[in-house]
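Undergrad: Sharing a sequence plus its predicted fold:
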Amino acid sequence: MSKRTVELEVATPGVDARGQPLRVPLGVAEPDLAAEHMLINIGPQHPATHGVLRLVVELDGETVVRVIPHLGYLHSGFEKLGEYRHYNQIIPLTDRTDYLSPMANNVGFALAAEKLMGITITPRCTVLRVIACEMSRIISHMVWLGTTSIDLGAFTPFLWAFQERERIYNLQEMWTGARLTTSVTRVGGMMADVPDGFVEGLRHFTRTFPKTLSEIDRVLTRNAVWVGRTQGVGVLTAAEATNHSLSGPMLRASGVAYDVRKDKPYLDYETYDFDVVVGEHGDVYDRYLVRLEECSQSNRILEQAIERLPDGPVNIADPRVILPPKSRAMNDMEAMIYHFKQVMEGVKAPVGEAYVGIENPKGELGTYLVSDGTAKPVRWRIRPPSFINLSALPRMAAGHLLSDLIAINASVDIVMGEVDR
Amino acid sequence: MNPSVDALRATFGGSTAIGRALESCGDTIVYVGREALLDVMAWLRDTPGQTYDYLVDVTAVEYRDRERPLEVVYGLRSLARRADLRVKVELDPQGDLTVDSVVPLWRGADWLEREAFDMFGITFRGHPDLRRILMWETYAEGYPLRKDFPLRGRFSRAEQVRQALAAHPEAHYSLEELSIADAYAELPGDMKERLRRGERGTVPDSE
């Protein structure tokens, strides 16, 4: 008897001296596991639910029978708060809904308020807003890529993605003074023009970013583990995706070529040269491919926007809408009156209602404003893309393994600030 | 004006199904009678030439003017034709806030209608799972987005904390979930009673 088998005898019960498993007669029958369903609770404090989402999962063995999502842990009543605020005062609230793409939310709200008030923004402002939207798309997709790859066991892309996001955050900080809560737009213009060096910084980013994308592509797209965990998981057909009101990359991954930027253009998106990325199978893998390619397309749009960025004013020349510069407000009587009226009374919107949908990174972010002629909206409704995309989760996850549920949930790309609002 | 409005009038004409239509900021809004909603929606979705196959949004609007009716707002879109239509149903805020659910037509309406129920107290008849969604199931302060709801809520912070601390831990599960689990014996009496009445879910056999 060698030393090795002795060790085995000591170390592993249930194994005989030759290392073969002992045959133990089973005195009692195994409990009927198939008939018994288990209820487990995931979240709200669980990293794999991407925020304070709580899932109650009914399991048959390891197979998901039913998922019951519970929301509302981050409910802040933004829509209610908006009814008590002037239009410009609502913009800081929009930062905090989808806090992974704050600039795009600012733009969405400002466009709706301008549509309501019949304001046409300046050419420079239009291009700056395109830059804001596409920068947001890149950082949001980078967070999605990083966190999803961590969920599925790939750590390296997370570091690369977050480095790129950090570079955009530096640009955002340069422009707005804030990294997360940017509040970059105003009704009729922007909070500020871009500072010196911003355009050069952005141009440097657009030149170097594709390298990271190709690295992520090389490490994930043909990775056996990644492919095995994502292909054929959480499939939604085009008809189902449409019927579930999905939008954004979730809808396009199922093969529906609907992109608000192309099909209901805003901010002159129809004049930019970019492709709508459409998937085929509607599974987690296609959603990954769509988002990865959307990053390249956003980069293309950014390059074009930098080239065409015109000179000129950022804000419209209407003293009833745009605050006068501080120096004028302190020295010029007329400017001070406008300043006072705007701060105390706000900008009045005519009676009516406006809906503007913009292509946010998560999907179609709709802003629906109803006005009764006062300076505060009667109703400010956010059409939350990730809330509606998440509502298809029970449908997608049923019948998959519990570990696939994590992948499917990650593929929805939720941000709970927006889901709960 | 969206040509679908004239098509609607031609089809449902002679009845009170189609009310006034107007345009605001370039969007067409058509008012539909409460009783005819499901027929009109099904017609808009399935008729060739209309094909509003995509539900953008379901929400509600209550005006500050108490005389104005509360509106349930449906955003419809035809993905193929790239056309949008906004359909509204008017309800009396003091009366019966019930309207047919459009979940049988669009699954996407599921959570949107739950949210409108949660925030405005509108009952969607025929909804498969009409529960609160953003507020918790035992929330007793009313409907937050109604105009008579104060911004700070109805209960004081002290009362809210007291209720949160006094809540049974199992109250964080819905009755449906508890009927699956073995927690039935541990439930507070009133929840057991609701389960027994079959308000939600089914009573487990092990009682």
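TA: Good, I have the coordinates.

Undergrad: and the helix or strand hosting B:Lys192, average pLDDT?
TA: Take DSSP states H and E as the rule and B:Lys192 turns out to sit in helix B:189-196. The pLDDT scores in helix B:189-196 average 70.

Undergrad: And the residue of chain B that's closest to chain A?
TA: Residue nearest to chain A within chain B (Cβ to the nearest Cβ): B:Gly108, separated by 2.6 Å. C-beta coordinates here come from the backbone N, C-alpha and C atoms, glycine included.

Undergrad: was I right about that residue contacting B:Leu55?
TA: Yes. Taking contacts as Cβ atoms under 8 Å, B:Gly108 lies within contact range of B:Leu55: 5.0 Å.

Undergrad: Name the residues contacting each of those two.
TA: The contact sets of B:Gly108 and B:Leu55 overlap at A:Ser245 (Cβ atoms under 8 Å, 6 or more residues apart in numbering or on different chains).

Undergrad: Any stretches of chain B with poor pLDDT?
TA: Applying pLDDT under 70 to chain B picks out residues B:14, B:169-172, B:174-176, B:178-187, B:191, B:194-207.

Undergrad: For B:Gly153, grab phi and psi.
TA: The main-chain torsion angles of B:Gly153 are listed as degrees, to the nearest 10 and equal phi 90, psi 170.

Undergrad: Spatially nearest residue to it, not counting backbone neighbours?
TA: If you skip the residues right next to it in sequence, B:Gly153 has B:Glu141 as its closest partner in space, 5.5 Å away by Cβ to Cβ, 6 or more residues apart in numbering or on different chains.

Undergrad: Could you count how many residues lie near the one you found?
TA: Using other Cβ atoms under 10 Å in any protein chain shown, B:Glu141 has 14 other residues around it.

Undergrad: One more: B:Asp6?
TA: Applying other Cβ under 10 Å, we find 12 other residues in the vicinity of B:Asp6.

Undergrad: Could you identify the helix or strand that succeeds the host helix or strand of it?
TA: B:Asp6 belongs to helix B:4-12 when assigned by DSSP H and E. Secondary structure here is assigned by DSSP H and E; on that basis, the next helix or strand after helix B:4-12 toward the C-terminus is strand B:18-24.

Undergrad: ok, and does that next one reach over to chain A?
TA: Yes. Using Cβ under 8 Å from any Cβ of the partner chain, a contact is recorded between strand B:18-24 and chain A, made by B:Ser24.

Undergrad: Could you check the angle the following helix or strand past that strand makes with strand B:18-24?
TA: Counting by DSSP H and E, the next helix or strand C-terminal to strand B:18-24 is strand B:27-32. Taking axes from the mean of the first three to the mean of the last three Cα atoms, to 10 degrees, one finds that strand B:27-32 is oriented at 160 degrees with respect to strand B:18-24.

Undergrad: With only the CA atoms kept, save strand B:27-32 in PDB.
TA: Output for strand B:27-32, consisting of C-alpha atoms alone and laid out as PDB, is shown next (Å, rounded to 0.1, in the frame of the first residue of the first chain):
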ATOM      1  CA  ASP B  27     -48.800  65.100 -31.900                       C
ATOM      2  CA  THR B  28     -52.300  63.900 -32.600                       C
ATOM      3  CA  ILE B  29     -54.400  63.200 -29.600                       C
ATOM      4  CA  VAL B  30     -57.700  61.400 -30.000                       C
ATOM      5  CA  TYR B  31     -60.200  60.900 -27.100                       C
ATOM      6  CA  VAL B  32     -61.900  57.500 -26.900                       C
END
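
Undergrad: I appreciate the help and will end here.
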